[in-house]
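> starting from these lines, generate the structure:
(one chain, ligands or ions: 1)
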Amino acid sequence: MLFSELPLKADLLKGVEALGFTKPTPVQEESIPMLINEDRDLIGLAQTGTGKTAAFGLPMIHRIDVKKNIVQGLVIAPTRELCVQISNDFKAFSKYIKGLSVATIYGGASMDKQSKEIRSGAQIVVATPGRLMDMMKRRMIKINHVSYVVLDEADEMLNMGFKEDIDGILEHTPEEKSTWLFSATMPKEVAKISKSYMSNPLEITVGHKNVGAENIEHVYYNVNERDRYKAVKRILDFNPNIYGLIFCRTRRTTQEVADKLLKEGYSAAPLHGDLSQMQRDKAMEKFRDKTIQVLVATDVAARGIDVNNISHVINYHLPDESESYTHRSGRTARAGNKGVSIAIVSNRDQNKISQIERKVKIKFDQGKLPSGKEICEQQLIGYVNKIKNISIDNDEISKLTPSISESLSEFSKEDLIKRMIAIEFEQLLKYYENSREISSDKGKKGSRISNEDHQRFFINLGHNKGLNKGGLLRLICSNTNLPAKSVGSLDLYNDFSFFEVDKSLSDKILEDLKDKEYDDKSFVVEIASNDGGKKRGGRDRNRGGDKDRNRGGDRRNRDRNRGRRR
Ligand code: AMP
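A predicted model of the protein is given here:
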């Protein structure tokens, strides 16, 4: 079926076609013909991204009497962002319809301005429940002539505690009206609303009830609690073109994760309720226009996010409610695209995976986080492809090439390639050089040294010889000529110490530190035994032999990331 075959008013069709819509989506195909012709209540079980805005918007606009300047259509949606989105869609659909006006009302903005919009004769009002209730109480809006009411994302509105406001609003609408309720899921509370306020509603289900969108791939990674953040970094590094949302459970974690990512040069921003409306708007704007690649958000703040082309949704922590998982993952794979929804789980929340699988009726694949080597390869491939595919149509560049060729003439092609890669990837390669595999400790109880690629050494010098970490590092590096970055964790005790280096350097360490002196006295270096420090009387903990720390948020790193922004 084509839009042109639907009995929509010609001017409305023109607006739809100007948007490039030719074929109605399944939910539109089911709802539009019915809602145009019949005064009927409707329940649409549809995820966001299925085209539901047009499914209720086109019939509503079609049926509005533009000659009457009273509110005839009311759309209630949970958040400001969603209201703005719906309103913009409506304005685009009705671009060629003379005399049709849409007002948008939501909290955190001037009520007077919004009231003016209504007074100037808006026939359709798109509103958040709280602000609408407020304005009704102040008699700034009358809804007693409304013929069509849409409750969009009804489950979200109830989750957000808008039940009373919705009741209050619906009680002020006339008995004779059509109510169209859209919801991604059908919890009991939504069913209750439909029972109380709708009569004999037609039920449309796009996909299955409570089922995640079909073109979403669900993957989980099992990691230790302490590795959650590192896991996220690996996902981001492995997907340099990611355009994603990271969901955290609390505002605090949201801010912390965003801060860390920003500090380390990722293109990210936080979005949560502790930020001012202006800060939130700014973050959303940057995300929408792709100035930033990753938005770190709480569920509440992310409710209105209605952005296409989100490639990944990352659950930093899984939500408590399985239904929230549907909402989170439904932010990707919109408008027919594919998407990935990733859950990072530790042993503690592992059981949630099967719970969600059961309730939401999806299947998770267990993934293995990419290794440092795989990440570097992936980034290099991306970089090489970028070089191959870039089109150079800038005259200025051509003008500069002779002098640049001249000044680089001493380098061979191989040399130049190495240098380019060093500039672009030095930080990343260093960071992942000795990185360990990130996965849960489950079943690995025997392993004392967390980093499987590292070798731990014992040295019979400690604090009582006046050594501190820096001194020990200098001692190792000056005798071996190794850079400081090749030494992992350093654990100093009174009489002895431990240090780690990559296994491949073991022989070199033993050889170069043999028969050497410190403070005019000889010392001994040995490979630490498996039960290592304990035997030697220390509480040998492998405290954070964690190269991941070293990456830091320096400028070079930021520049690298800037370079890979799309
Ligand atoms: P919605 O579920 O209403 O948020 O729509 C998701 C996205 O799909 C929006 O960006 C719409 O502009 C787009 N869309 C909706 N209906 C169609 C259609 N029939 N053809 C192409 N794109 C559509």
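
> in which helix or strand does the closest residue to residue 334 other than its chain neighbours reside?
Distance criterion CB to CB, 6 or more residues apart in numbering; nearest residue to residue 334, sequence neighbours excluded, is residue 49 at 2.8 Å. In short, each C-beta sits where N, CA and C put it, glycine included. Under the criterion DSSP states H and E, no helix or strand holds residue 49.

> cool, residue 378 as well?
Using DSSP H and E, the element containing residue 378 is helix 372-389.

> show the subsequent helix or strand relative to that helix.
Toward the C-terminus from helix 372-389 - assigned by DSSP H and E - lies helix 395-407.

> what about residue 528, neighbour count?
Other residues near residue 528 come to 21 when the count uses other CB atoms under 10 Å.

> next one: it from residue 228, what distance?
Distance, residue 528 to residue 228, by CB to CB, to the nearest Å: 29 Å.

> with residue 59 instead?
The value you get for residue 59 to residue 228, if CB to CB is used, is 45 Å.

> outline the domain layout of this structure.
3-205, 216-371, 373-433, 454-545 (automatic domain parsing).

> can the ones you listed go into TSV with extra columns for mean pLDDT?
Below are the domains of the chain laid out as TSV (pLDDT from 0 to 100):
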stretch	mean pLDDT
domain 3-205	92
domain 216-371	87
domain 373-433	80
domain 454-545	77
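
> could I get those domains as CSV with distance to the ligand?
Output for the domains of the chain, formatted as CSV (distance: least, CB to the nearest ligand atom, whole Å):
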stretch, distance to the ligand
domain 3-205, 3
domain 216-371, 4
domain 373-433, 27
domain 454-545, 45
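
> can you show me the strands along the stretch 301-450 of the chain?
Under the criterion DSSP state E, counting those that start in this stretch, the stretch 301-450 of the chain contains strands at 312-315, 339-345, 364-366.

> let me have those in JSON lines, extended by mean neighbour count.
Converted to JSON lines, the strands of the stretch 301-450 of the chain look like this (neighbours: other CB atoms under 10 Å):
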{"stretch": "strand 312-315", "mean neighbour count": "24"}
{"stretch": "strand 339-345", "mean neighbour count": "24"}
{"stretch": "strand 364-366", "mean neighbour count": "12"}
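
> including distance to residue 432, could the ones you listed go into JSON lines?
JSON lines is the format used below for the strands of the stretch 301-450 of the chain (distance: least, CB to CB, whole Å):
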{"stretch": "strand 312-315", "distance to residue 432": "19"}
{"stretch": "strand 339-345", "distance to residue 432": "19"}
{"stretch": "strand 364-366", "distance to residue 432": "22"}
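
> and of these, who's closest to residue 414?
strand 312-315 (35.6 Å; CB to CB).

> just to revisit the earlier point, in the helix holding residue 378, what counts as buried?
372, 375, 376, 379, 383 (16 or more other CB atoms under 10 Å).

> wait, doesn't the first one sit right on residue 433?
Right, residue 372. Yes: using CB atoms under 8 Å, residue 372 is in contact with residue 433, at 6.9 Å.

> phi and psi next, for the residue lying closest to residue 225 once chain neighbours are set aside.
Leaving aside its chain neighbours, residue 225 sits nearest to residue 346 (4.4 Å; criterion: CB to CB, 6+ apart). Note on residue 346: its backbone torsions stand at phi -110, psi 180 [degrees, to the nearest 10].

> contacts only, for residue 346.
Each residue near residue 346 by CB atoms under 8 Å, 6 or more residues apart in numbering is listed here: 222, 223, 224, 225, 228, 440.

> how about the helices in the stretch 201-350 of the chain?
Remark: helices assigned in the stretch 201-350 of the chain by DSSP state H, counting those that start in this stretch are 228-238, 251-263, 277-288, 299-302, 322-329.

> and the host helix or strand of residue 511, how far out from the chain's middle?
For residue 511, the enclosing helix or strand under DSSP H and E is helix 506-512. Put simply, helix 506-512 sits 45 Å off its chain's centre (CA atoms, centre = their mean, to the nearest Å).

> what packs against it?
Under the contact definition 3 or more CB pairs under 8 Å, 6 or more residues apart in numbering; DSSP states H and E, helix 506-512 sits against strand 454-459, helix 469-480, strand 525-527.

> what residues of that helix count as buried?
For helix 506-512, by 16+ other CB under 10 Å, it's 509, 512.

> contacts for the next helix or strand along the chain from it, please.
Going down the chain from helix 506-512, the next helix or strand is strand 517-518, by DSSP H and E. Residues outside strand 517-518 that contact it (CB under 8 Å, 6+ apart): 461, 465, 467, 475, 523.

> in ChimeraX, how would I select just the buried ones from those?
To isolate in ChimeraX the members of the contacts of strand 517-518 that are buried, counting by 16+ other CB under 10 Å, one can use:
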select :461,465,467,475,523
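
> center of the chain, which residue is that?
For the chain, the residue nearest the mean C-alpha position is residue 245 (1.0 Å; CA atoms, centre = their mean).

> residue 142: what secondary structure?
Put simply, residue 142 is coil when judged by DSSP: H, G, I helix; E, B strand; the rest coil.

> what does the one 4 residues further on give?
When the structure is split into helix, strand and coil by three-state DSSP, residue 146 lands in coil.

> am I right that it is in contact with residue 177?
Yes: counting by CB under 8 Å, residue 146 touches residue 177, with 5.8 Å between them.

> look at those two and report which has more neighbours.
For residue 146 versus residue 177, neighbours defined as other CB under 10 Å are more numerous around residue 146 (23 against 19).

> good, wrapping up.
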